[in-house]
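# here is the input, now give the coordinates:
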Amino acid sequence: MILEDTTSEEVVSGRAEPSTPPAAARSPSSERADTRRTGRILAMQILCQMDVRGDEAVGDLETLARESGASDAAALYAAVVLEAFRRQRRQVDQRITAESGNWALERISIVERNVIRVAVSELLGAGVPAKVAINEAIEIGKVFGGAESPRFINGVLDAVYTRVKDDVGITNGD
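Numbering: from 1, shown residues only. Next up is the predicted model:
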């Protein structure tokens, strides 16, 4: 997956998108993973827009999905993640703040904050194995974040997982 010269503004607006191999080169399980990753990226972009413009940005999912060429399945997965976030926003943000080394949520970059929000929402409300949610967040952070994003994202998500795994019955996916 390659994304060159991407700015935070392009991520927030949904104009940034990674390239993927042609569909013929992927297996069905790979296509499902690509669909979910695209859904996670859409969810992250909508959350970035919500941070900038407020909650009305959620209505932009259909437009963003259409303009980015995302499949209906990817848009549906993004909607599932966004609903999981909406249901537990306070808990998600509290967990991120508690495990981010005393960084106020607003001080975390908009991309990192929302990549982490997607993963924590998946961990707490979408039944995604921890290993999958964390690895996907790291990979998305590599594409859309800065040089230190993957390490920061991994550290916060590992700490969240360690703290909540027994409380909410999260599996690691092994």
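# can you report phi and psi for residue 69?
Main-chain torsions, residue 69, degrees, to the nearest 10: phi 80, psi 20.
# roughly how far apart are it and residue 153?
According to Cβ to Cβ, to the nearest Å, residue 69 and residue 153 sit 26 Å apart. Where C-beta positions appear, they are placed from N, C-alpha and C, glycine not excepted.
# so these two - more neighbours on which side?
residue 153 (25 against 9; other Cβ atoms under 10 Å).
# that one is in what secondary structure piece?
Element membership for residue 153 (DSSP states H and E) is helix 149-168.
# packing partners for that helix?
In terms of contacts (3 or more Cβ pairs under 8 Å, 6 or more residues apart in numbering; DSSP states H and E), helix 149-168 is packed against helix 89-99, helix 110-125, helix 130-144.
# and the longest helix belonging to the chain, which residues are buried?
Selection of the longest helix in the chain by residue count, based on DSSP state H, yields helix 28-53. Using 16 or more other Cβ atoms under 10 Å as the test for burial, helix 28-53 gives 34-51.
# got the contact list for residue 100?
Applying Cβ atoms under 8 Å, 6 or more residues apart in numbering, we find residue 100 in contact with 108, 156.
# how close does residue 140 sit to residue 44?
Relative to residue 44, residue 140 is positioned 7 Å away (Cβ to Cβ).
# flag the shaky bits of this structure, pLDDT-wise.
For the chain, residues meeting the criterion pLDDT under 70 lie at 1-32, 55-59, 126, 166-174.
# how about a cut-off of 90?
Applying pLDDT under 90 to the chain flags residues 1-35, 52-64, 68, 100-104, 124-129, 163-174.
# ok, back up a step: name the helices or strands packed onto the longest helix of the chain?
Using 3+ Cβ pairs under 8 Å, 6+ apart, the elements in contact with helix 28-53 are helix 8-13, helix 61-68, helix 72-87, helix 110-125, helix 130-144.
# how about those, which one is nearest residue 99?
Proximity to residue 99 (Cβ to Cβ) singles out helix 110-125 among the helices and strands packed on helix 28-53, at 9.2 Å.
# give me the helices and strands touching the closest one, please.
helix 8-13, helix 28-53, helix 72-87, helix 89-99, helix 130-144, helix 149-168.
# using TSV, please lay out these together with distance to residue 62.
Shown next, in TSV, are those (distance: least, Cβ to Cβ, whole Å):
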stretch	distance to residue 62
helix 8-13	15
helix 28-53	10
helix 72-87	7
helix 89-99	21
helix 130-144	21
helix 149-168	27
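# before we move on, back to that, could you single out the most deeply buried of the helices and strands packed on helix 28-53?
helix 110-125 (a mean of 26; mean count of other Cβ atoms under 10 Å).
# looking at the helices and strands packed on helix 149-168, which is closest to residue 158?
That would be helix 130-144 among the helices and strands packed on helix 149-168, by Cβ to Cβ, at 6.8 Å.
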